[in-house]
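In: this is the structure alone, sequence omitted:
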């Protein structure tokens, strides 16, 4: 997942070939920045996007962080909920992107599968007032919703219990499924959990997603406790 | 870059290909006159006349998804009596019995709750159906009641009564005034129709020499003013847009043609009748985008900023949307807007999309203009009318396979 300068250099030159109006703006040992104009010509659901956008791509080197895109041309309206105030685009949850590239990051595929569809989604939303492929809730809920899809589980709470199980335990098919169905794990969510839990890289991603949420829950609970004590 | 005027000509060409052809017009005209004559032979003393898009000259091929869909042409069969002389069920039965008695019509007939539909076989591969709504003259008392409420009482002499289905084969009378509306519409359209008229008739003649012996043979019903073309463009854009929403309830959400006719005509009243189609279209969309501000501004604020504009209005106490049917004081065309707030919201989102497609995109480079037109009118219709024109040599748009959902930390 972490890109070295060598792999980054190779992938960047492929990217510059695919997007000829992008240029290397800055090349530091810890980050490469590309700047310029990209043409997006994509279609889905009877709608075609055929437009040009000014962007900056920031690619962290030797870091677990994902590349980011800045909307340099201010093409995305301020009112659109999936753009940070500094112009960074909220492409997807890091979890979804990291899991997609678990076997190695690829800049071109990332453009193809996340950056271009982001603009498509935006223009579609502006035209029809709805999201073509849905949207994620903000914050932790958005992270958990990524796992809801992976686990095929509609309940947010059960999903988080399953996430904790993945982060803390080793897979054992004969135990009762943590979701509380009463079924054995292998006959319940096991089929979705097994491939995730047996891949150390994925397990690590799940751990890093669970920790901040668990911490927030605990802090929240102790704050409530304190308030209750004070009230008494 | 291909010029704006050539692009506009191409859009008009595309729309006119969705219009009823002179041959079909003649055919439909013959068929409904034959039907009227048949009903008369059955002893039904009635006037048969078109209403809806056939009457306004704003026909567009229905259903953007189905290029083989039939044209629905609407007619009123109005008995020469008033509603006090017959019951709604008797009226329906009278016409139904007559149609059922005929070998010619019974096999083509479908009986619906609101109308009788006669489906004609393909003519040159194009089907059409005639919908007949039975009616009588409205009672004098009811007309007077409506006249008192209306600021155009003169339009109400033509009010009719039609059977309304209340369930369980039970019918009551419903007032309607298609002729009054048509009178209002035609009055506004008249100066638009007079402008450049001879030229337009010559153009129709030039491309239909096989159909007409001379220019004088061209029926007025085939002429299209700027105002009528604007309505056709918006209707077809609407069909494609609401279809692309891909929602099961899109038919409930989309603005009915009566709303488009009313808004375009009412706005055109203050436009120059010598406007070209796109000049008028730009003006109409500009006005509708102003009305969009009713969504965020209070009634008083709107009035302060935009003066007397009242074609779409909202009441100050309960924020109810009103689009008054000019020929019926009791008919608020925006009734549905008040039951589901998504309907007006989507209407103005659609108007913004129209503006983008039909006004702003005219200055884009050729390939992007072509993409915008694919979005506006559907790839199939555009390809059929224009072939590869405006397309660049680069490969077609790449489909999106993954479905990422935008997020925020």
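Out: Now that the structure is in, tell me what you want to look at. These numbers come from a predicted model, not from an experiment.
In: pull up the gap between residue B:208 and residue B:221, please.
Out: In this view, residue B:208 and residue B:221 are 14 Å apart by CB to CB, to the nearest Å. For glycine as for every other residue, the C-beta is placed from the backbone atoms N, C-alpha and C.
In: what residues go with each domain of chain A?
Out: A:5-128, A:139-231 (automatic domain parsing).
In: tell me the average confidence for the longest one?
Out: So the one you mean is domain A:5-128. Averaging pLDDT along domain A:5-128 gives 95.
In: repeat for the shortest one
Out: Model confidence over domain A:139-231 averages 91 on the pLDDT scale.
In: that one near chain B anywhere?
Out: Yes. Domain A:139-231 reaches chain B (CB under 8 Å from any CB of the partner chain) through A:139, A:142.
In: out of the domains of chain A, which is closest to residue B:212?
Out: Closest to residue B:212 of those, according to CB to CB: domain A:5-128, at 38.5 Å.
In: circling back to that earlier point, any idea which of the domains of chain A is most buried?
Out: domain A:5-128 (a mean of 17; mean count of other CB atoms under 10 Å in any protein chain shown).
In: what's near enough to touch residue 147?
Out: This is for chain A. Contact criterion CB atoms under 8 Å, 6 or more residues apart in numbering or on different chains gives A:95, A:153, A:159, A:162, A:163, A:206, A:209 as the residues in contact with residue A:147.
In: meant chain B, my bad for not saying
Out: Residues in contact with residue B:147 (CB under 8 Å, 6+ apart) are B:153, B:156.
In: tell me the SS of it?
Out: helix (DSSP: H, G, I helix; E, B strand; the rest coil).
In: just the pLDDT for it.
Out: So residue B:147 comes in at 97 (pLDDT).
In: how near is it to residue B:157?
Out: Taking CB to CB, one finds residue B:147 at 9 Å from residue B:157.
In: same check on residue B:374?
Out: 47 Å.
In: quick one: secondary structure of the nearest residue to residue A:173 once chain neighbours are set aside?
Out: With CB to CB, 6 or more residues apart in numbering or on different chains as the criterion, residue A:173 has its nearest non-adjacent residue at 3.4 Å, and that residue is residue A:186. Under three-state DSSP, residue A:186 falls in the helix class.
In: residue B:330 against residue B:177, yeah?
Out: No. Contact between residue B:330 and residue B:177 fails when scored by CB atoms under 8 Å: they sit 9.9 Å apart.
In: of the two, who's got more company?
Out: residue B:177 (27 against 12; other CB atoms under 10 Å in any protein chain shown).
In: contacting residues for that one?
Out: Residue B:177 touches B:155, B:156, B:158, B:159, B:160, B:325, B:327, B:328, counting by CB under 8 Å, 6+ apart.
In: verify the assumption that residue A:154 is located in a helix.
Out: No. Residue A:154: not assigned to a helix; according to three-state DSSP it is coil.
In: now it: closest residue in space that isn't a chain neighbour?
Out: Nearest one to residue A:154, counting by CB to CB, 6+ apart, is residue A:148 at 6.7 Å.
In: ok, that neighbour to residue A:215 distance?
Out: Taken as CB to CB, the span from residue A:148 to residue A:215 is 21 Å.
In: what does residue A:184 give?
Out: Taking CB to CB, one finds residue A:184 at 31 Å from residue A:215.
In: what ranges does the stretch 1-150 of chain B have for its strands?
Out: For the stretch 1-150 of chain B, the strands defined by DSSP state E, counting those that start in this stretch occupy B:46-51, B:71-82, B:109-111, B:116-123, B:126-137.
In: so which elements touch the last one?
Out: Contacting strand B:126-137 under the criterion 3 or more CB pairs under 8 Å, 6 or more residues apart in numbering or on different chains; DSSP states H and E are the following elements: helix B:22-41, strand B:71-82, helix B:88-100, strand B:116-123, strand B:160-165.
In: pretty sure residue A:144 is touching residue A:160, no?
Out: Yes. Between residue A:144 and residue A:160 there is a contact at 5.7 Å, judged by CB under 8 Å.
In: between these two, what contacts are shared?
Out: residue A:213.
In: contacts for stretch B:214-223, please.
Out: With CB under 8 Å, 6+ apart, stretch B:214-223 has contacts from B:22, B:25, B:29, B:54, B:57, B:193, B:197, B:200-202, B:204-205, B:208, B:212.
In: centre of the chain versus stretch A:58-71, how much separation?
Out: Relative to its chain's centre, stretch A:58-71 lies at 13 Å (CA atoms, centre = their mean, to the nearest Å).
In: touching chain B at all, that stretch?
Out: No. Figure legend: stretch A:58-71 not in contact with chain B (CB under 8 Å from any CB); closest approach 11.7 Å.
In: who touches that stretch?
Out: A:1-5, A:8, A:12, A:28-34, A:53-57, A:83, A:86-89, A:91, A:94, A:97-98, A:105, A:107, A:110, A:115, A:118.
In: same thing but 6 Å
Out: A:2, A:5, A:8, A:30-33, A:55-57, A:87-89, A:94, A:97, A:115 (CB atoms under 6 Å, 6 or more residues apart in numbering or on different chains).
In: so which of those residues sit within strands?
Out: A:31, A:32, A:33, A:55, A:56, A:57 (DSSP state E).
In: coming back round to it: residue B:374 and residue B:157: which has the busier surroundings?
Out: residue B:374 (24 against 15).
In: what residues does chain B put near chain A?
Out: B:244-245, B:349, B:353, B:368, B:371, B:374-375, B:397-400, B:402-408 (CB under 6 Å from any CB of the partner chain).
In: show me the contacts for residue B:171.
Out: Counted by CB under 6 Å, 6+ apart, residue B:171 has contacts B:88, B:89, B:163, B:165.
In: in JSON lines, list the residues you listed along with neighbour count, pLDDT and distance to residue B:291.
Out: Rendered in JSON lines, the data for the contacts of residue B:171 read as follows (neighbours: other CB atoms under 10 Å in any protein chain shown; pLDDT from 0 to 100; distance: CB to CB, whole Å):
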{"residue": "B:88", "neighbour count": "22", "pLDDT": "95", "distance to residue B:291": "37"}
{"residue": "B:89", "neighbour count": "13", "pLDDT": "94", "distance to residue B:291": "42"}
{"residue": "B:163", "neighbour count": "24", "pLDDT": "95", "distance to residue B:291": "35"}
{"residue": "B:165", "neighbour count": "15", "pLDDT": "92", "distance to residue B:291": "34"}
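In: just name the closest of those residues to chain A, please.
Out: The shortest gap between chain A and any of the contacts of residue B:171 belongs to residue B:165, at 34.0 Å (CB to the nearest CB).
In: wait, the closest one sits on residue B:111?
Out: No. Counting by CB atoms under 6 Å, residue B:165 does not reach residue B:111; the two are 11.3 Å apart.
In: contacting residues for the spatially most central residue of chain A?
Out: When CA atoms, centre = their mean is applied to chain A, the residue found nearest the centroid is residue A:93 (2.2 Å). Counting by CB under 6 Å, 6+ apart, residue A:93 makes contact with A:142, A:143, A:146, B:407.
In: any idea what the residue lying closest to residue B:160 once chain neighbours are set aside is bridged to?
Out: Nearest non-adjacent residue to residue B:160, counting by CB to CB, 6+ apart: residue B:135, 4.3 Å away. Residue B:135 forms beta bridges with residue B:78, as assigned by DSSP bridges.
In: try residue A:52
Out: residue A:39.
In: thought it was touching residue A:38?
Out: No. Taking contacts as CB under 6 Å, residue A:52 lies outside contact range of residue A:38: 7.0 Å.
In: tell me how many other residues surround the residue nearest to residue B:160.
Out: 26.
In: what is the burial count for the closest residue to residue A:113 other than its chain neighbours?
Out: Excluding the flanking residues, the one nearest residue A:113 by CB to CB, 6+ apart is residue B:402, at 4.5 Å. By the criterion of other CB under 10 Å, residue B:402 has 13 neighbours.
In: quick one: residue B:402 is in a strand?
Out: No. Applying three-state DSSP, one finds residue B:402 to be coil, outside a strand.
In: residues contacting residue B:371?
Out: Residue B:371 touches A:48, A:50, counting by CB under 6 Å, 6+ apart.
In: quick check, it in a helix?
Out: Yes. Counting by three-state DSSP, residue B:371 is found in a helix.
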